[in-house]
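Asks: fold the following and give me the result.
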Amino acid sequence: MATTNHNYQRQTKTYNRKQLMERGWTQKLINMLLPPPAQKRNYKYRGRSPILLWGVETVVKAEESSAFQKHIASTYEKRDKAYSEFVKTHKLKLETALTQPRVLEVIARIDYDIREMQQEIVKAMRASGKRSISIAKLREHRDSIISLQNEVRNAYLERFNSTYDFNIQKAEIEQVNTHNTPIQDLVFRAIVNEEIPKHPKNEYAFTRLIKRHFIIHEGVTNTGKTYQALQALKKAETGVYLAPLRLLALQVYQQLNEEGSPCNLLTGEEEIIVPGARYVSSTVEKMSLEHEYDVAVIDEAQMIADAQRGSAWTRAVLGVMAKEVHICCSQNAVNILTELIGECGDTYEIIVHERDTPLVIDERQFHFPKSVESGDALIAFSKRMVISIASYLADNNIKASVIYGNLPPETRRKQVELFLSKETKVVVATDAIGMGLNLPIKRIVFMETSKYDGTEDRTLNAAEVKQIAGRAGRRSMYDEGLVNTFSDKAKVRRLLNSQLADIDGAYYLPLDKYVLSLPLGTLKERLVETVLKGSKVSPFKGADIEQPLKLLEYIKEDQKLSMGEMYNLIFIPFDINDSTLLEQWKRYHEAYSAKKDISFPMSFDWDDIDSLETYYKQLDLYYSFCKSMDIPFEADAVAQTKQETADRINTLLLTRLKNMGKKCRICNKKLEWNYPYGICQNCFEKQNATYTRQREPLYRR
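Replies: As a prediction, this is how the structure comes out:
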């Protein structure tokens, strides 16, 4: 071949060594029949061996030689014999497998061997086709392998149906390109299709027997939607309130009991049974599918669009057993809710709630802290920023209540009471204030317009701005609700005035009884396949099950536990991103699997808020773990310790808030509330000067 190292790029029709091997060449034949190759060095990765190339014409001519033809004939003869022997051997293996106790596992291994052989034949056919050699014989072998595979799969189905009392037909698993799919996977998918109802609504068979009527309370924040729904609940003989937050469930529980209507409390972290209770106040995830009520209230139903928690609202809409159901939601959730109600064959009406007090932009320039007024709610989006702002206000003799997500409900309630009694002048809060907390707020001030959402720092969206801003101007107290900002007022104005897009889907998670009733498949396979099946039905979307699947990786399908125990373990509610809680959950799993006692959490530093908040969450996890896994524990001791912890956190907020602001981590000097760095300017300059002096001798050298 007339080519050199300098012009190999122009040589387009070439074969490398790997391609030659695929055509049936051996290294011995290459050395004997082909001339020295051109060399193409890959300069991107220096040090690697050069790529050797031979021209197509040279290779084809060499393949016509008697030596190569003799080699190919010998190769094909051996291959034909091997393929024929493979079929005979595996037919015998199948006959033997049918007499063994673990017959399905053995047949599945035979199916695996056949699939591997099919891939080998396909590869050989491609190589033969490139060399224009007849592939008729290979096609015969392929057909005989496929025939054997059909025989094996029929045997698997027959034995599977007789073992598990199913009637899966071959046609149910025959789809396009299934020859390379394991027989267990095909049967598993067929079972999922057969066992899981085609439409998620049919998972709730008893609910479908009830003729339900829905009253949808549509409106923005602070329009009295929940109030009107609860009035209907109080008039009923029995009822259930389904809350988005534990704090709201606690509020309704206390309100009903104070009014003389006995009510139970049921959340993931606590359970209080009141003798003679006719009502239940519950977080939406804890809704019972076994009790029928006269009236149900589903609050904040726009959460149906939340990937992590939305499936709980979908479950409530499809499955709550009540003749009259009140749903409170924002306007953009109405269409998806009416679609679900229509799918269930139920009736509905819509009540539109309007604000009594208009929501307007406060055009005054906001200067912190001198512009702070009584009745303000200052909004930030991290605990650190909330504490920093509140501490700065304390330095300026302005008392503030603080509200953020990590605060225990009892502490949060006490902070709210301080504001209601006017012992504090303002509230400093995260977006935790945006859902269900009815406070006498005159003005909302956005101190920040971006937040970290667990993945990235991003700008607030319109739904968040509307939800939070709507807390301003409590009805019957103020003539209007004001909205202001520390910066970016134009951005907040635009988001506040924008129209929310309609929610286009409801997140779905199959009921545990369907997941656990499947006769085969790992827990991961069951969860993934059942969620996938439901998501194919409009308007449902598969729920985000990333956290349960991560927890499942930690327990590695524990053979000491039943499928139901593993399911309960991975759906225990806690923040998996909190390393302390994750390690606690792992310890509890190991102890439970080994049938050892589950230890009560040890107390933290009682003078540090962060430690106390973590301890409170550890107590929650202890309660949830014991409750989910049906482990005896002292509920009163848990409740008492949680109350003591919450009280201590509240005491620290009242007495030490001044000292909790941002401080330089080197000199401990107090920093401005919005100072972006961890050290002050003086310490930074000193560090920089020290670094420069240390580097000077190097420069002189």
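Asks: tell me what the host helix or strand of residue 229 is packed against?
Replies: Assigned by DSSP states H and E, residue 229 belongs to helix 225-235. In terms of contacts (3 or more CB pairs under 8 Å, 6 or more residues apart in numbering; DSSP states H and E), helix 225-235 is packed against strand 213-219, strand 239-243, helix 246-258, strand 293-298, strand 322-329, strand 347-353. Any C-beta I mention is one placed from the backbone N, CA and C, and that applies to glycine too.
Asks: which of those sits most buried?
Replies: Highest mean neighbour count among the helices and strands packed on helix 225-235 (mean count of other CB atoms under 10 Å): strand 239-243, with a mean of 27.
Asks: now do that strand: which elements does it pack against?
Replies: So strand 239-243, by 3+ CB pairs under 8 Å, 6+ apart, packs with helix 225-235, helix 246-258, strand 279-283, strand 293-298.
Asks: name the residues that touch that strand?
Replies: For strand 239-243, the external contacting residues (CB atoms under 8 Å, 6 or more residues apart in numbering) are 230, 233, 249, 252, 278-284, 287-288, 291, 293-300, 316, 320, 322, 436.
Asks: list the neighbouring strands of it plus their orientation.
Replies: strand 279-283 (parallel), strand 293-298 (parallel) (DSSP bridges).
Asks: and for residue 365, the neighbour number?
Replies: Neighbourhood size, residue 365 [other CB atoms under 10 Å]: 9.
Asks: alpha carbons of the strand or helix carrying residue 265, in PDB - could you do that?
Replies: Assigned by DSSP H and E, residue 265 belongs to strand 263-266. What follows is strand 263-266 as a C-alpha-only set of coordinates in PDB (Å, rounded to 0.1, in the frame of the first residue of the first chain):
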ATOM      1  CA  CYS A 263     -60.300  16.000  67.900                       C
ATOM      2  CA  ASN A 264     -57.400  13.600  67.500                       C
ATOM      3  CA  LEU A 265     -53.900  14.700  66.300                       C
ATOM      4  CA  LEU A 266     -52.000  12.500  63.900                       C
END
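Asks: what mean pLDDT does that strand have?
Replies: Averaged over strand 263-266, pLDDT sits at 97.
Asks: number the residues from 832 up from this point.
Replies: Fine by me, first position is 832 from now on; the one you just mentioned is strand 1094-1097.
Asks: tell me the helix or strand right after it.
Replies: Next element after strand 1094-1097 (DSSP H and E): strand 1102-1103.
Asks: let me see the mean pLDDT of the helix holding residue 1060.
Replies: 96.
Asks: again with stretch 1077-1090
Replies: Mean predicted lDDT for stretch 1077-1090 stands at 93.
Asks: which other residues reach it?
Replies: Residues outside stretch 1077-1090 that contact it (CB under 8 Å, 6+ apart): 1061, 1065, 1072, 1074, 1093-1101, 1103, 1105, 1110, 1112-1114, 1130, 1240, 1243-1244, 1266-1268.
Asks: how about the spatially most central residue of the chain, what does it touch?
Replies: In the chain, the residue lying closest to the centroid (CA atoms, centre = their mean) is residue 1375, at 3.3 Å. By CB under 8 Å, 6+ apart, the residues touching residue 1375 are 1138-1139, 1338.
Asks: returning to what we had before: tabulate the strands paired with strand 1070-1074 (CSV), appending distance to residue 1348 and mean pLDDT.
Replies: Putting the strands paired with strand 1070-1074 into CSV (distance: least, CB to CB, whole Å; pLDDT from 0 to 100) gives the following:
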stretch, distance to residue 1348, mean pLDDT
strand 1110-1114, 25, 97
strand 1124-1129, 27, 98
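Asks: what secondary structure does residue 935 sit in?
Replies: helix (DSSP: H, G, I helix; E, B strand; the rest coil).
Asks: surely it and residue 991 touch.
Replies: Yes. Using CB atoms under 8 Å, residue 935 makes contact with residue 991 at a distance of 6.2 Å.
Asks: which of these two has more residues huddled nearby?
Replies: residue 991 (22 against 19).
Asks: what's the spacing between that one and residue 985?
Replies: Separation of residue 991 from residue 985 (CB to CB, to the nearest Å) stands at 11 Å.
Asks: can I get stretch 1124-1133 in PDB, CA atoms only?
Replies: Taking Å, rounded to 0.1, in the frame of the first residue of the first chain, the C-alpha atoms of stretch 1124-1133 are listed here in PDB:
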ATOM      1  CA  TYR A1124     -66.100  10.800  57.400                       C
ATOM      2  CA  ASP A1125     -68.900  13.200  56.700                       C
ATOM      3  CA  VAL A1126     -66.600  16.100  55.700                       C
ATOM      4  CA  ALA A1127     -63.000  16.300  54.800                       C
ATOM      5  CA  VAL A1128     -60.800  19.400  54.300                       C
ATOM      6  CA  ILE A1129     -57.700  19.200  52.100                       C
ATOM      7  CA  ASP A1130     -55.600  22.300  52.600                       C
ATOM      8  CA  GLU A1131     -53.000  23.900  50.200                       C
ATOM      9  CA  ALA A1132     -53.800  21.500  47.400                       C
ATOM     10  CA  GLN A1133     -51.600  23.300  44.900                       C
END
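Asks: quick one: buried residues of the strand holding residue 1096?
Replies: 1094-1097 (16 or more other CB atoms under 10 Å).
Asks: in a markdown table, list those residues along with distance to residue 1223.
Replies: Shown next, in a markdown table, are the buried residues of strand 1094-1097 (distance: CB to CB, whole Å):
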| residue | distance to residue 1223 |
| --- | --- |
| 1094 | 41 |
| 1095 | 43 |
| 1096 | 37 |
| 1097 | 40 |
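Asks: out of the residues you listed, who's nearest residue 901?
Replies: residue 1097 (82.0 Å; CB to CB).
Asks: residue ranges of the helices in the stretch 1332-1481 of the chain, please?
Replies: In the stretch 1332-1481 of the chain, the segments counted as helices under DSSP state H, counting those that start in this stretch are 1343-1348, 1354-1366, 1377-1386, 1394-1401, 1410-1424, 1440-1459, 1466-1486.
Asks: and the closest residue in space to residue 1214 that isn't next to it in sequence, what's its pLDDT?
Replies: Counting by CB to CB, 6 or more residues apart in numbering, residue 1235 is the residue found nearest to residue 1214 once chain neighbours are left out, at 4.7 Å. Confidence at residue 1235, expressed as pLDDT, is 93.
Asks: also residue 1282?
Replies: pLDDT recorded at residue 1282 is 92.
Asks: quick one on the thing from earlier: need the helices of the stretch 1332-1481 of the chain in a markdown table (columns: distance to residue 1220 and mean pLDDT).
Replies: Formatted as a markdown table, the helices of the stretch 1332-1481 of the chain follow (distance: least, CB to CB, whole Å; pLDDT from 0 to 100):
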| stretch | distance to residue 1220 | mean pLDDT |
| --- | --- | --- |
| helix 1343-1348 | 43 | 93 |
| helix 1354-1366 | 41 | 93 |
| helix 1377-1386 | 31 | 95 |
| helix 1394-1401 | 38 | 96 |
| helix 1410-1424 | 26 | 96 |
| helix 1440-1459 | 15 | 95 |
| helix 1466-1486 | 13 | 94 |
